[in-house]
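Participant: just the structure for this:
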Amino acid sequence: MSTTKVVTAEVRFSYLNVLEPRQGENDKEPKYSVALLIDKDDTVTLGRFKTAVEEAKKQGLEKVWGGKLPAKIDIPIRDGDAERPDDPNYAGKYY
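Facilitator: The predicted model follows:
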């Protein structure tokens, strides 16, 4: 398994589970996790994440999807204004 590092500028954490793992709804085992809140005007950090997503797609194309990208790929970058409009913490952020 290959990994890609993404160095961020200043971000905020949400749903921080780093002191002890948390059992998720669909998780078989507890996991450590955090949601990053990235300002929408931080184009450098967003660009780094988008580059990492494209790299992951390339790896998946070869190793997972047999040379053909699926019609829909769940991208791990979400728009806080669109998906959490009632939460002011997510306003003007990607997460």
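
Participant: low pLDDT regions in this structure?
Facilitator: Applying pLDDT under 70 to the chain flags residues 1-2.

Participant: now do the strands in it.
Facilitator: Along the chain, the segments classed as strands by DSSP state E run 12-22, 31-39, 93-94.

Participant: pretty sure G24 is touching Y32, no?
Facilitator: No - shown here, G24 and Y32 do not form a contact pair, counting by CB atoms under 8 Å, at 11.1 Å. No exception for glycine: its C-beta is placed from N, CA and C like everyone else's.

Participant: of all the strands of the chain, which one comes closest to K50?
Facilitator: K50 lies closest to strand 93-94 among these, at 10.3 Å (CB to CB).

Participant: so what's E55 closest to, chain neighbours aside?
Facilitator: T4 (5.2 Å; CB to CB, 6 or more residues apart in numbering).

Participant: residues contacting the one you found?
Facilitator: Applying CB atoms under 8 Å, 6 or more residues apart in numbering to T4 gives the contacts A52, E55, A56.

Participant: state the distance from I38 to F49.
Facilitator: Distance, I38 to F49, using CB to CB, to the nearest Å: 8 Å.

Participant: hang on, the earlier thing: as TSV, the strands of the chain with distance to D79 and mean neighbour count would be great.
Facilitator: Below are those laid out as TSV (distance: least, CB to CB, whole Å; neighbours: other CB atoms under 10 Å):
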stretch	distance to D79	mean neighbour count
strand 12-22	14	12
strand 31-39	11	14
strand 93-94	6	21
